[in-house]
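>>> Show me how the following folds:
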Amino acid sequence: MKKTLIIIGVILLIVIVIPLMIVKGNYNKFVGLQESVDAQWANIETVLQRRFDLIPNLVNTVKGFAEHEKEVFTEVTRLRSQWASAGTANEKVGVANEMQGALGRLMLVAENYPQLKSNQNFLALQDELAGTENRISVERRRYNESVRRYNTAIRKFPGVIIANLFGFDKRAAFEAAPEAATVPTVEF
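Alright, predicted model coming up:
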């Protein structure tokens, strides 16, 4: 009788406790990875917000020298407003990618005004923006690495079963917009 109880106990241990430990371990791992992805996204939002805070100063400085470049200024202003109203991460990624192109066009406009290129305010803002763009690049890389670790974990066995059971969905990486590969042109 005692042997039978021990055998039943071992079977229960194997059938119930060990799978529960596997589920608990994987679930907690996914929660940690998901939080890491969210934290990295928050870092991207911080540096993107810094970029969007610098833009009005840069636009106003360039505007003083190149008043007839209204199309570029209008686009930058429109995108800055869209950033403020974007609700989801995907919407913000889209606006950020568009803004990167618009800033490139704004810098091309600035290149055509030698007196602007020597203006101290413009140079300081350009340096700040360049530093911000570098920070964005670093944070995007960190975010994408976090997303890669998370997505890999929820697709591996036995994690895929647990991820599907508890609704851990794949996250999207922060990719550059296709138009980011082309150099913008400014015509007068």
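
>>> Any regions of this protein where pLDDT drops low?
65-68, 117-118, 176-188 (pLDDT under 70).

>>> which helix is the longest one in it?
helix 18-65 (DSSP state H).

>>> Which helix or strand lies directly C-terminal to that helix?
helix 70-85 (DSSP states H and E).

>>> what's the angle from the next helix or strand after that next one to helix 70-85?
Later in the chain than helix 70-85, the nearest helix or strand by DSSP H and E is helix 89-111. Per axes from the mean of the first three to the mean of the last three CA atoms, to 10 degrees, the angle that helix 89-111 makes with helix 70-85 is 150 degrees.

>>> how about helix 89-111 as PDB, C-alpha atoms only?
Extracted in PDB, the C-alpha atoms of helix 89-111 (Å, rounded to 0.1, in the frame of the first residue of the first chain):
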ATOM      1  CA  ALA A  89       3.500  52.400 -31.600                       C
ATOM      2  CA  ASN A  90       3.000  51.600 -35.200                       C
ATOM      3  CA  GLU A  91       1.500  55.000 -35.900                       C
ATOM      4  CA  LYS A  92       4.400  56.700 -34.200                       C
ATOM      5  CA  VAL A  93       6.900  54.500 -36.200                       C
ATOM      6  CA  GLY A  94       5.200  55.700 -39.400                       C
ATOM      7  CA  VAL A  95       5.400  59.400 -38.400                       C
ATOM      8  CA  ALA A  96       9.000  59.100 -37.200                       C
ATOM      9  CA  ASN A  97      10.000  57.500 -40.500                       C
ATOM     10  CA  GLU A  98       8.300  60.300 -42.500                       C
ATOM     11  CA  MET A  99       9.900  62.900 -40.200                       C
ATOM     12  CA  GLN A 100      13.300  61.500 -40.900                       C
ATOM     13  CA  GLY A 101      12.700  62.100 -44.700                       C
ATOM     14  CA  ALA A 102      11.300  65.600 -44.000                       C
ATOM     15  CA  LEU A 103      14.300  66.500 -41.900                       C
ATOM     16  CA  GLY A 104      16.600  65.400 -44.700                       C
ATOM     17  CA  ARG A 105      14.800  67.800 -47.000                       C
ATOM     18  CA  LEU A 106      15.000  70.600 -44.500                       C
ATOM     19  CA  MET A 107      18.800  70.000 -44.200                       C
ATOM     20  CA  LEU A 108      19.100  70.100 -48.000                       C
ATOM     21  CA  VAL A 109      17.300  73.500 -48.000                       C
ATOM     22  CA  ALA A 110      19.700  74.700 -45.400                       C
ATOM     23  CA  GLU A 111      22.700  73.600 -47.500                       C
END
